[in-house]
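Novice: just to be clear, the model below is a prediction. Sequence and coordinates:
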Amino acid sequence: MSQSRIHISQAMADDTITRYLNDYRCPDCLLDWQDEWDCACNDRCPACHKEIVPLHSEDIAL
Ligand SMILES: [Zn+2]
């Protein structure tokens, strides 16, 4: 069983940092990229600067 309930706001209470590797794809440019964030947040297409919702995000515990 894996339940992941993650709240970043209390980061000072815990020294484990959870990072997310997000996969993005721009539907206009057909460009794929990945970026690492501390949440599964949107990114901008490097070509057309459209805001893109992540296709997939994977948590990577450091
Ligand atoms: Zn684009």
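Specialist: Perfect, I can see it now. Values in this document were obtained by computation on a predicted structure and should not be read as measured data. Numbers count the residues shown, from 1 in each chain.

Novice: residue 45: how many residues sit nearby?
Specialist: Neighbour count of residue 45, defined by other CB atoms under 10 Å: 17. Every residue, glycine included, has its C-beta placed from N, CA and C.

Novice: got it, and the one 10 residues further on?
Specialist: Close neighbours of residue 55, defined as other CB under 10 Å, add up to 11.

Novice: list phi and psi for it.
Specialist: Reported as degrees, to the nearest 10, the phi and psi values for residue 55 are phi -70, psi -40.

Novice: what helix or strand is the closest residue in space to it that isn't next to it in sequence on?
Specialist: Of all residues not flanking residue 55 in the chain, residue 23 sits nearest, at 4.8 Å (CB to CB, 6 or more residues apart in numbering). Under DSSP states H and E, the secondary-structure element containing residue 23 is strand 18-26.

Novice: quick check: angle from the helix or strand just after that strand to strand 18-26?
Specialist: Once the chain leaves strand 18-26, the next helix or strand it forms, by DSSP H and E, is strand 31-37. Using axes from the mean of the first three to the mean of the last three CA atoms, to 10 degrees, the direction of strand 31-37 lies 160 degrees away from that of strand 18-26.
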